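Peer 1: below are the sequence and a predicted model for it; my questions follow.
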Amino acid sequence: MKLLYSGQLLHEEALHIPATNRAFQYNDGFFETIIIVNGKLRFWKSHQERMQEAALALGLELPGYFLDVGLEHQLVELAKQNSAELYGRVKLKVWRGGNGLYTPDTNTAHWLATAVASEPAPFSAIEIGICQKINTAYHALSGFKGPNAPLYVLAGIEKKERQLDDMLLLSPQGWVSELTSSNIFWVQDNQFYTPSLNTGCVNGILRRQMLAWCAANSFTYHEVQVTPKHVFMSDTAFAINITGIRSIRNIDQVALRQQPELLHRLRVGLGIV
């Protein structure tokens, strides 16, 4: 496999990252996972916006080409080099360079990109449970991917132990927050609901697209702080991330209503069929 290390194309075997690397030492950075379809990075502008937000929150200085077509072209070429341009996952890890302890000696960003061929997510409904071991927590970095990774690892372990498709994470107050790698939406009386960012959920790319779609199509939406009972009473609920939309069949064996026609309309409207 080939990869990009701060703009340099390398074979995987040629990558050498020092032990002082701040991503390794302090998890001092963030990452983006981007879907490429037919040679185009899906929702690239939204990814750029979130990278800018994450860099600002972390005090990172991104290279200038991150904000123009330079990085986009490099990532597409990387996908081609790995035969992943028809449908693939591009993962971009960004971290603070230099040394230092908790106080860094530079804010210049280094980065690593990988690209692997993949397949679209299935449309089948999922069975999930309410996570018992950990909670989300709202803070300045909770909306980005990377800084809180161990939280989702622990949720993933619980998911595996309970033999479920996913976990529903709650805030410390008991509010519905997110799934391990997806945002959650539900519908009630033709209005859309999703947890507020104040619950500690990631501000997902498809979450952003979904809210924009609602606004553009005159659907009312609400960003809320509510308990799971509101999801149980909904007309339908679904998980949404960059790979697609999947209906939630049940939560802790409480069956939820299904609306496959609505989810098909959303997939078409968001351009993720």
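Peer 2: That came through fine.

Peer 1: dump the residue contacts of the nearest residue to Tyr5 once chain neighbours are set aside.
Peer 2: With sequence-adjacent residues excluded and distances taken as Cβ to Cβ, 6 or more residues apart in numbering, Tyr5 is closest to Leu112, at 5.4 Å. Yep, even glycine has a C-beta here, placed from its N, CA and C like the rest. Each residue near Leu112 by Cβ atoms under 8 Å, 6 or more residues apart in numbering is listed here: Leu3, Leu4, Tyr5, Ser6, Leu15, Ile17, Leu92, Lys93.

Peer 1: ok, now Ala121?
Peer 2: Thr243, Gly244, Arg246.

Peer 1: how about Leu211?
Peer 2: Taking Cβ under 8 Å, 6+ apart as the test, what Leu211 contacts is Thr194, Tyr221, Glu223.

Peer 1: out of these, which sit inside strands?
Peer 2: Here DSSP state E is the test, and these give Thr194, Tyr221, Glu223 as lying in strands.

Peer 1: let me see the ranges of the strands in the stretch 51-200 of the chain.
Peer 2: 87-96, 109-117, 126-130, 166-170, 176-179, 183-188, 191-195 (DSSP state E, counting those that start in this stretch).

Peer 1: highest mean neighbour count out of those strands?
Peer 2: strand 176-179 (a mean of 28; mean count of other Cβ atoms under 10 Å).

Peer 1: and Leu141, how many neighbours does it have?
Peer 2: Counted with other Cβ atoms under 10 Å, residues neighbouring Leu141 total 14.

Peer 1: repeat for Val273
Peer 2: Neighbours around Val273, by other Cβ under 10 Å: 12.

Peer 1: where's it relative to Met210, distance?
Peer 2: 15 Å (Cβ to Cβ, to the nearest Å).

Peer 1: Thr199 too?
Peer 2: Counting by Cβ to Cβ, the gap from Thr199 to Met210 is 16 Å.

Peer 1: repeat that for Leu151.
Peer 2: 23 Å.

Peer 1: tally of neighbours for Gln173?
Peer 2: So Gln173, with other Cβ under 10 Å, has 13 neighbours.

Peer 1: to clarify, my last question referred to Asn107.
Peer 2: There are 14 residues near Asn107, going by other Cβ under 10 Å.

Peer 1: excluding chain neighbours, what is closest to it?
Peer 2: Glu61 (4.9 Å).

Peer 1: ok, Ser83 next?
Peer 2: Closest to Ser83 by Cβ to Cβ, 6+ apart is Ala117, at 5.8 Å.

Peer 1: again with Thr243
Peer 2: Setting aside the residues directly before and after it, Thr243 is nearest to Ala121 in space (Cβ to Cβ, 6+ apart), at 4.0 Å.

Peer 1: now the contacts of Leu211 as CSV including pLDDT and distance to Leu78?
Peer 2: Below are those laid out as CSV (pLDDT from 0 to 100; distance: Cβ to Cβ, whole Å):
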residue, pLDDT, distance to Leu78
Thr194, 99, 33
Tyr221, 98, 36
Glu223, 99, 35
